[in-house]
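> need coordinates for the following:
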Amino acid sequence: MSLFPPFDELDRAIAGWMEKYGHLFLRISLGLVFIWFGILKLFGVSPANDLVARTVYWFSPEVFIPILGAWETAIGIGLLFRPLLRAALFLLFLQMPGTMLPLFLLPQICFTHFPFAPTLEGQYIIKNLVLISAGIVVGGTVRHKRDQGKLE
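Okay, the predicted model is just below:
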């Protein structure tokens with residue numbers, strides 16, 4: 001029994017709406033982020049280009065960065081279209097370990113005081129933990145007919 005029945009009713013309605021649409025919004029927003037960041041790399045205007053070039057120094061940045069941009073764009077498109085979801089998640093989870101490389105290869109760029117005070121670049125990389133977790137949550141829906149939770 002709630003002390004504030006109107007609040008409890010509103011709380012249930014909001015939580016129910018979030019449960020119904022949260023996976024869909026997460027999948028779409030994750031897809032849009034990957035498309036956005038991928039397109040920036042494809043057009044050579046990503047603020048991460050220098051960091052990528054310095055991290056993956058054994059490949060030509062003129063070749064590698066557009067390939068990475070196409071990869072990220074493919075992940076994003078795959079996240080937007082459910083039939084491509086498994087392939088998108090496969091590409092996402094292949095890419096994510098590489099996004100963490102600067103933390104180990106370039107700690108002087110990623111931290112002001114290793115390992116507790118990340119620079120802006122370090123924060124940019126560490127946020128990928130959220131993308132990985134989002135990918136795991138979205139991956140939990142691959143057996144659903146729709147994002148609203150019905151199993152195939």
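> tell me which residue is most central in this protein.
Within the chain, the residue whose C-alpha comes closest to the C-alpha centroid is residue 131; the distance, by CA atoms, centre = their mean, is 3.1 Å.
> where does pLDDT dip in this structure?
Counting by pLDDT under 70, the chain shows low-confidence ranges at 1-3, 146-152.
> can you pull out the strands in it?
Counting by DSSP state E, the chain has strands at residues 111-113, 117-118.
> and residue 89, which of the ones you listed is closest to it?
Shortest separation from residue 89 across the strands of the chain is recorded for strand 117-118, at 26.6 Å, computed as CB to CB. To be clear about C-beta, it is placed using only N, CA and C from the backbone, and glycine gets the same treatment.
> check the offset of the longest helix seen in the chain from the chain's centre.
When the chain is scanned for its longest helix (criterion: DSSP state H), the result is helix 5-42. Here the centre of mass of C-alpha atoms in helix 5-42, compared against the chain's by CA atoms, centre = their mean, to the nearest Å, lies 13 Å away.
> cool, stretch 60-74 as well?
The gap between the average C-alpha position of stretch 60-74 and the chain average comes to 16 Å, counting by CA atoms, centre = their mean.
> doesn't residue 81 make contact with residue 27?
No - in this structure, residue 27 sits apart from residue 81 without contact. The criterion is CB atoms under 8 Å, and the distance is 10.1 Å.
> what about the two, which has more around it?
When neighbours are counted by other CB atoms under 10 Å, residue 27 comes out ahead of the other of residue 27 and residue 81, with 21 against 11.
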